[in-house]
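Enquirer: sequence first, predicted model second:
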Protein chains: 2
Amino acid sequence: MIDPLSLKLQALSDPTRRAILAKLTFGQATVNDLAEPFAMTLPAISKHIKVLETAGLITRSRNAQQRPCLLATEGLREVDDWLNNYRVMWEQRLDRLGTYIESIKE
Amino acid sequence: MIDPLSLKLQALSDPTRRAILAKLTFGQATVNDLAEPFAMTLPAISKHIKVLETAGLITRSRNAQQRPCLLATEGLREVDDWLNNYRVMWEQRLDRLGTYIESIKE
DNA sequence: CATTTAATTAACTTAATGGTTAAATACATA
DNA sequence: TATGTATTTAACCATTAAGTTAATTAAATG
């Protein structure tokens, strides 16, 4: 019964989970792939993945025994939209962001 | 010993704390001011405020017995900067954001 | 059909969170 | 100096979170 934004922010507040997301920016990865860099057991990673999935930050598919993870592209938009209300506070950054956006549009 | 970004996201993952931040966008407020809308005791609010302060999302001053809270304008930048790495994922939103930024620059 | 590989579930431990009530601190004022 | 006002601290409780090991499920392959 927890609201979706809280769920996402809570999921993102763990560095292991953020590292998993970062790795997923390079594309799909299996649980074993994702677990590899961490000094942590597989069930621990499995739990982290479930947290990310429940928060709507990743989706999963099926390939034989593997359940590859994929970034949910839309997932972080809700966080971004919330942040947008506060972005006006640091306008001095807007020029930089504006040019970044211009540069990326092409 | 927890990293600053995790600390901020964790602080933001509670709806009461986000509501406190939202109220502070209208300017300084005392603990009693901030507590008023919530069905929660004052010590609970006091704790939430400490979490926000520790995360660097608010600062506090002193005015007689009151300890007014003030939004830490720079606080959310770290979150925004992190999100920036992922913003490329939803480019279709960039045009809208771009025009928003243009509209706010004036 | 037995075995290996991939991942999850169960059961448990420890620590952190979010709340409470009651007591304490800090300052202002009658 | 006693009292009221604003806020915090202390002590406690219940729930959730993050990790473990051991057992289980699911699918592929010898």
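Expert: Sure, I can see it. Just so it is clear, the model here is predicted, and its values are computed rather than measured. Numbering: from 1, shown residues only, chains lettered A, B, ... in the order given.

Enquirer: for A:Arg18, give me its contacts.
Expert: When the contact criterion is Cβ atoms under 8 Å, 6 or more residues apart in numbering or on different chains, the partners of A:Arg18 are A:12, B:5-6, B:82. All C-beta atoms are positioned from the backbone trio N, CA, C, and that covers glycine.

Enquirer: out of those residues, who's nearest B:Gly75?
Expert: B:Leu5 (11.3 Å; Cβ to Cβ).

Enquirer: isn't the closest one right up against B:Asp80?
Expert: No - using Cβ atoms under 8 Å, B:Leu5 is not in contact with B:Asp80; the gap is 10.9 Å.

Enquirer: mind listing the strands for chain A?
Expert: A:58-60, A:69-71 (DSSP state E).

Enquirer: what residue is smack in the middle of chain A?
Expert: Centroid-nearest residue in chain A: A:Leu21, 4.4 Å away (criterion: Cα atoms, centre = their mean).

Enquirer: how about the contacts of A:Arg18, which pair is most distant?
Expert: Using Cβ to Cβ, the contacts of A:Arg18 span at most 10.4 Å, a distance reached by B:Ser6 and B:Trp82.

Enquirer: got a list of what A:Val31 touches?
Expert: Counting by Cβ under 8 Å, 6+ apart, A:Val31 makes contact with A:42, A:45-46, A:49, A:66-67, A:69.

Enquirer: re earlier: so which of the contacts of A:Arg18 is the most crowded?
Expert: Neighbour counts for these peak at A:Leu12, which has 28 neighbours (criterion: other Cβ atoms under 10 Å in any protein chain shown).

Enquirer: ok, the nearest residue to that residue once chain neighbours are set aside - contacts?
Expert: Closest residue to A:Leu12 apart from its sequence neighbours, by Cβ to Cβ, 6 or more residues apart in numbering or on different chains: B:Leu9 at 4.8 Å. Shown in contact with B:Leu9 (Cβ under 8 Å, 6+ apart): A:9-10, A:12-13, B:79.

Enquirer: between these, which is nearest A:Glu36?
Expert: Distance to A:Glu36, by Cβ to Cβ, is smallest for A:Leu12 among these, at 21.3 Å.

Enquirer: wait, isn't that closest one in contact with A:Leu57?
Expert: Yes - when contacts are counted by Cβ under 8 Å, A:Leu12 is listed as touching A:Leu57 (7.5 Å).

Enquirer: show me the common contact partners of these two, please.
Expert: Shared contacts of A:Leu12 and A:Leu57 (Cβ under 8 Å, 6+ apart): A:Leu21.

Enquirer: for chain A, name the helix or strand with the lowest mean pLDDT.
Expert: Lowest by mean pLDDT, DSSP states H and E among the helices and strands of chain A is helix A:94-105, with a mean of 65.

Enquirer: please name the nearest non-neighbouring residue to A:Pro68.
Expert: A:Gln28 (4.5 Å).

Enquirer: who are the contact partners of that neighbour?
Expert: A:Gln28 touches A:61, A:68-70, counting by Cβ under 8 Å, 6+ apart.

Enquirer: and for A:Pro4?
Expert: Contact partners of A:Pro4, counting by Cβ under 8 Å, 6+ apart, are A:55-56, A:78.

Enquirer: many thanks, I have nothing further to ask.
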